[in-house]
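# give me the fold of what follows.
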Amino acid sequence: MKKTLAALLAASMALSLCACGGGSKPAETTAAAVESGATEAAGAAESAGGRAKTVTLGMNTQISTLDPFNGASTGTIYLTEALHDALYSIPALGEELENEIGKSYEVSDDGKTLTVEIYDYVHDQAGNKIDAEDVAWSYNTYLATGNATQFAKYLDSAEATDATHVVFHMKEDKCKETSAVKSVLSGCVIYDKDAYSADSYATNPVGCGPYKVTEFVTGASVTIERDPNYWQTDESLLASAKKQNVEKCIFKIILEDAQLALALETGDVDAVNYVSADNLQFFMDDNGNALDGYTVQPFNSILCVNVSFNMFPDAGSKVANDKNLRLAIEWAIDKEGITNTIMGKTASVSYGFATPLYGDYNPEWEKEDNGYDIEKAKAYLAESDYVKNGSPTLVIMTESNEVKTKAAQMIQNYCKEIGINMEVKTADTALFDNYKYDFSEWDLKIDNNGNRVSLAALYSNFLSATHTSYNGVPTSFNGLPEGDLSKLCDVANNVDTNSQETVDAVFDYYTENAIIYGLWGPINYVAAKDGITGLKVQYLSYAQPWAFDFAPDYKGVAD
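Numbering: from 1, shown residues only. Reported below is the predicted structural model:
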């Protein structure tokens with residue numbers, strides 16, 4: 001008999017649930033993880049039965065807004081490609097741009113302007129015609145919100161020159177940065193300027209994407225349905241994320257890992273966006289084969305889950321001015337222990353603020369990263385001002401999900417072993433997205449970051465003082481004012497000076513100064529019931545159920 005999560009939960013809660021029988025079968029998908037992006041499970045066939053009626057995806061993240069202008073939280077990103085179109089999209093790490101609204105583009109010789117021609121037949125889900133003025137307005141409005149973190153450091157403004165052409169005026173010659181063109185062209189969803197409403201679009205946006213919202217139940221579910229009048233009718237021009245393989249997608253929010261897995265096992269959902277290490281046994285055997293009734297596929301993510309230190313001293317950070325304290329904390333953390341205990345097969349240890357998926361990752365960093373050494377941690381603590389300052393309690397903040405909360409608690413315990421007091425502070429997605437930019441709220445923060453182009457671009461985005469500010473002072477995402485690290489990031493991310501050596505220099509600086517500390521790179525297991533023959537995820541390994549492939553006899557739980 002195969003083990004079932006339902007049976008185990010039944011025993012622990014003294015309920016009577018029946019375990020289902022069955023053996024194992026060769027996986028419909030390969031056991032080895034694949035890079036996330038425009039990726040389908042190996043062996044997945046093109047749908048032969050026409051468009052499916054419904055698919056219900058269980059997901060372990062809140063959806064606080066559907067409008068990226070309000071801030072791109074994890075839940076927002078899950079649905080962005082379905083609801084919205086940008087000028088271009090990047091399907092996977094390092095891949096070339098795919099056309100969406102943009103038809104062609106040209107970079108000026110001096111790197112100061114980027115000119116884009118858009119298709120002349122674009123309209124949104126309400127039938128409003130989209131022209132170059134709407135594109136320019138969308139970019140300028142997004143910039144003004146302060147949330148356009150993907151391209152704010154590159155772009156000064158956008159200007160429509162006629163109905164189908166937009167000129168992007170870059171900051172200086174920013175087109176020379178390695179990620180600038182891709183980041184600008186793929187970084188903003190396009191709205192009709194006269195229809196946009198910041199309030200209503202949070203739950204009912206009118207975008208240009210292939211699906212539109214039909215129901216938003218806060219904290220419970222979001223339902224989207226195929227737009228039969230989607231503007232891009234030429235299938236040869238469709239970006240890979242714009243398939244309409246199902247009439248209706250229901251995103252059901254189930255935050256607790258065991259309940260998420262149980263929902264798939266008991267037939268409450270058709271697929272889940274994530275299977276935790278503890279629950280893989282219910283869908284996959286030890287050899288990586290899917291159990292009878294399921295399709296399972298691992299996808300490597302470009303994300304790096306990390307601990308960043310609050311480097312803004314004027315906001316009350318207790319670690320910003322004490323490098324030895326930060327080093328003591330890093331050397332006290334057993335990242336392999338955390339990764340293996342919490343994540344198991346679902347992650348690999350991260351060395352530095354990086355994962356090996358990136359082309360500019362250096363394997364030598366695995367020898368040079370700050371490791372787990374209690375004696376070295378105690379020595380750094382003795383050299384710090386921590387005890388002299390009264391051994392204050394440090395605040396480590398994280399989003400209130402099960403995995404990151406456990407990681408924060410383990411870090412708290414590791415630090416306690418060497419005499420550092422720490423308090424774990426959790427916040428739901430909406431609050432966390434605000435608190436992480438408020439440097440008065442935390443001393444350490446667990447978050448995850450990634451970039452679709454390179455580590456050089458990732459470092460430039462998150463470690464240089466260009467994307468955000470605090471009390472009027474430009475800072476990095478963890479409060480570091482402009483200085484040596486910003487300069488190193490700029491050199492590494494410039495096409496004229498980018499090299500492994502300049503990327504290594506960034507690694508050396510943030511490692512030697514304990515600015516940010518990688519924990520793990522996720523390997524995300526997506527699981528579905530039989531009948532779903534091909535799984536698809538985007539560059540962060542977030543499932544895209546509207547683009548799944550379905551067998552001819554597939555029937556969704558909501559049919």
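# what kind of secondary structure is the residue nearest in space to the middle of the chain in?
Centroid check for the chain by C-alpha atoms, centre = their mean gives residue 540 as the closest residue, at 4.9 Å. Secondary structure, DSSP: H, G, I helix; E, B strand; the rest coil: residue 540 is coil.
# that one and residue 81: what is the separation?
With distances taken as C-beta to C-beta, to the nearest Å, residue 540 is found 11 Å from residue 81. In short, each C-beta sits where N, CA and C put it, glycine included.
# tell me the first helix or strand C-terminal of the lowest-mean-pLDDT helix or strand in the chain.
In the chain, no helix or strand scores lower on mean pLDDT, DSSP states H and E than strand 39-40, which sits at a mean of 42. Counting by DSSP states H and E, the next helix or strand C-terminal to strand 39-40 is strand 52-59.
# in the sheet, which strands lie alongside the lengthiest strand in the chain, parallel or antiparallel?
Using DSSP state E, we find that the single longest strand of the chain is strand 516-529. Under the criterion DSSP bridges, strand 516-529 sits next to strand 271-272 (antiparallel), strand 294-300 (antiparallel), strand 304-309 (antiparallel), strand 347-349 (antiparallel) in its sheet.
# average pLDDT across that strand?
Averaged across strand 516-529, the pLDDT comes to 96.
# can you pull the contacts of the residue nearest to the centre of the chain?
Contacts for residue 540 (C-beta atoms under 8 Å, 6 or more residues apart in numbering) come out as 36, 77, 301-303, 450.
# what is the nearest of these to residue 363?
Closest approach to residue 363 among those (C-beta to C-beta): residue 302, at 17.3 Å.
# and for the closest one, the neighbour number?
By other C-beta atoms under 10 Å, the residues close to residue 302 number 26.
# one more: residue 290?
Neighbourhood size, residue 290 [other C-beta under 10 Å]: 23.
# thought it was touching residue 280?
No: here residue 290 lies out of contact with residue 280, judged by C-beta atoms under 8 Å, at a distance of 10.5 Å.
# shared neighbours, these two?
With C-beta under 8 Å, 6+ apart as the test, residue 290 and residue 280 both reach residue 296.
# now the farthest one out in this protein, which residue is it?
residue 388 (39.6 Å).
# that residue in helix, strand or coil?
Under three-state DSSP, residue 388 falls in the coil class.
# show me where the stretch 301-450 of the chain has helices.
Assigned helices in the stretch 301-450 of the chain, in chain order: 323-332, 335-338, 365-368, 374-383, 402-417, 429-435 (criterion: DSSP state H, counting those that start in this stretch).
# ok, now the stretch 451-559 of the chain?
Under DSSP H, counting those that start in this stretch, the stretch 451-559 of the chain gives helices at 455-463, 484-492, 500-512.
# again, but for the stretch 101-250 of the chain
132-145, 180-186.
# those helices into CSV, with extra columns for mean pLDDT and distance to residue 394?
As requested, the helices of the stretch 101-250 of the chain are exported to CSV (pLDDT from 0 to 100; distance: least, C-beta to C-beta, whole Å):
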stretch, mean pLDDT, distance to residue 394
helix 132-145, 98, 32
helix 180-186, 93, 34
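# among the ones you listed, which is nearest residue 92?
Of all the helices of the stretch 101-250 of the chain, helix 180-186 comes closest under C-beta to C-beta, at 12.1 Å.
# residues contacting residue 452?
90, 92-94, 182, 186, 302, 539.
# can we see that at 7 Å?
90, 93, 302, 539 (C-beta atoms under 7 Å, 6 or more residues apart in numbering).
# from residue 146, how far off is the third one?
Just to be clear, that refers to residue 302. Distance from residue 302 to residue 146, by C-beta to C-beta: 24 Å.
# for the last one, same thing?
Between residue 539 and residue 146 the computed distance is 23 Å (C-beta to C-beta).
# kindly report the same for the first one.
When distance is defined by C-beta to C-beta, residue 90 is 23 Å away from residue 146.
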